[in-house]
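S.K.: Have a look at this fold, sequence not included:
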DNA sequence: ACTCCGATTTAGAGTCGTCTAACCCTAAAT
DNA sequence: ATTTAGGGTTAGACGACTCTAAATCGGAGT
Ligand SMILES: [Mn+2]
Ligand SMILES: [Mn+2]
Ligand SMILES: [Mn+2]
Ligand SMILES: [Mn+2]
């Protein structure tokens, strides 16, 4: 199956939008994510349906077929391995890797993928804490983390994943001690969603507006130990 | 200036065909190299001319403008740095790097280029002995090597560059002790161009049919020492 | 059941890079 | 000066991906 970069991007986006819901993915969601108009999405969805990569019900959105999911996992694996390699071996900061990986993910060979995975010793998460699909492209199990928004004043949690790609936000977070692996004590969750917490890294408090906090996924330490 | 991958490839090919001649580059040469038809080349040449990247005289071929040459050098730098990086840091063999670099060269950022160059300590040749344009994209000086075909029985020479990209040929050459840096003693140059030589690496003789010998560029050791 | 709004699809068009078929130019040979 | 062979260009088309404008669907609220 010979797929264009663009088709790969559509499948990747559908995969990512599908994580954490059972809802079908709607035309407009894809259009937003890829920065194209909805008629453009509609016509690409027809093509992907013809190729058996998605299930489509007109006016009701799409889901990936198994084959489509495998392609998406392939691209996600490339992306996250590249992010890991760039930070580990080329001295990139975690805030800088996304765009580079987003271009290269479509252009590396299976051989390159394998050598990178070897050089990293088959990592299972990328620098943002997101799981890297294994070489067999089985869907990684859903990490049992929740958005930090779900917690309350007084909770002690560990950052598992920061699912944001904006370099400015990521730099800010790192500067304020919010990275995968650090412990946070929740100080306040404001009614409009802003979370204030103290990091054991920076030892000062940091406030995260809702749209940022939303992407900071954490788990209770207990859940890790059990 | 926003250029497509395809335009970059045309400029790179024109640059490479231009090395070692003062002739203008002809439509059909480009078509052969890129595996497209000549009308396709003609229409792309019109576009490149409009953009000021080539000088074109209808029916008489093209040359790169300074701007076009800079773009070509940029891509060649990417290509050769990638080849060097893949062999040095990802355990690729020199016979395997070309195709990978040929795809990635269009998709790496300037930042990536710089980090790779740093990791390699600003190398000046790639694994095939070809010069890597510097970061300022000044045209590298033409290496003073000649095809091994130009020499005669009894000459002692050093391999400077193996300007071939075919993995099978490169593996064969490495197996028979023909790589940049090795010394060769020319044993025979047949009338139909085949060169037989003894390598100080393998210590056995190896014969190279003309089309292979043509790409093996060597220099007299004396020229190196002076 | 009906109406209406927002989301989706249909229709039609444009750009890019490619092709084939037909025509044309240049340079070499007569 | 003419012919001719070979390569180059023009013309017209197509697939991939995108857009805007117009038509249509479906669900929410009466
Ligand atoms: Mn892969
Ligand atoms: Mn990531
Ligand atoms: Mn560059
Ligand atoms: Mn090379």
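M.R.: Noted; the coordinates are in hand. Source: prediction; values computed, not measured. Ligands and ions are numbered 1, 2, ... in the order given.
S.K.: Now the residue minimising distance to the centre of chain A: closest residue in space, sequence neighbours ignored.
M.R.: With distances taken as C-alpha atoms, centre = their mean, residue A:163 lies nearest the centre of chain A, 5.0 Å away. Leaving aside its sequence neighbours, residue A:163 sits nearest to residue A:215 (C-beta to C-beta, 6 or more residues apart in numbering or on different chains; 4.5 Å). For the C-beta atoms, the positions are set from N, CA and C on the backbone; glycine is no exception.
S.K.: what's the spacing between the spatially closest residue to residue A:199 that is not a sequence neighbour and residue B:197?
M.R.: Excluding the flanking residues, the one nearest residue A:199 by C-beta to C-beta, 6+ apart is residue A:177, at 3.3 Å. For residue A:177, the distance to residue B:197 equals 64 Å [C-beta to C-beta, to the nearest Å].
S.K.: which of these two has more neighbours?
M.R.: Legend: neighbour count by other C-beta atoms under 10 Å in any protein chain shown for residue A:177 and residue B:197, higher for residue B:197 (29 against 20).
S.K.: Show the pLDDT at that one.
M.R.: Model confidence at residue B:197, given as pLDDT, is 97.
S.K.: Kindly report the same for residue A:10.
M.R.: 98.
S.K.: And for residue A:224?
M.R.: So residue A:224 comes in at 48 (pLDDT).
S.K.: what does residue A:144 give?
M.R.: 87.
S.K.: Look at it and give its secondary structure.
M.R.: Under the three-state scheme (DSSP: H, G, I helix; E, B strand; the rest coil), residue A:144 adopts coil.
S.K.: Near it, how many other residues are there?
M.R.: 11.
S.K.: and it, how far is that from chain B?
M.R.: Here the criterion is C-beta to the nearest C-beta, to the nearest Å. By it, residue A:144 lies 35 Å from chain B.
S.K.: From what I see, that residue and residue A:220 are in contact.
M.R.: No - counting by C-beta atoms under 8 Å, residue A:144 does not reach residue A:220; the two are 9.7 Å apart.
S.K.: So what's the model's average confidence on the helix or strand harbouring residue A:158?
M.R.: Assigned by DSSP states H and E, residue A:158 belongs to strand A:156-162. Averaged over strand A:156-162, pLDDT sits at 97.
S.K.: That strand vs ligand 2: in contact?
M.R.: No - for strand A:156-162, no contact with ligand 2 is found by C-beta under 5 Å from the ion; the gap never falls below 8.6 Å.
S.K.: counting contacts, what elements does that strand pack onto?
M.R.: With contacts taken as 3 or more C-beta pairs under 8 Å, 6 or more residues apart in numbering or on different chains; DSSP states H and E, strand A:156-162 sits against strand A:183-189, strand A:216-219, helix A:221-225.
S.K.: Out of these, flag the one nearest residue B:173.
M.R.: strand A:216-219 (52.6 Å; C-beta to C-beta).
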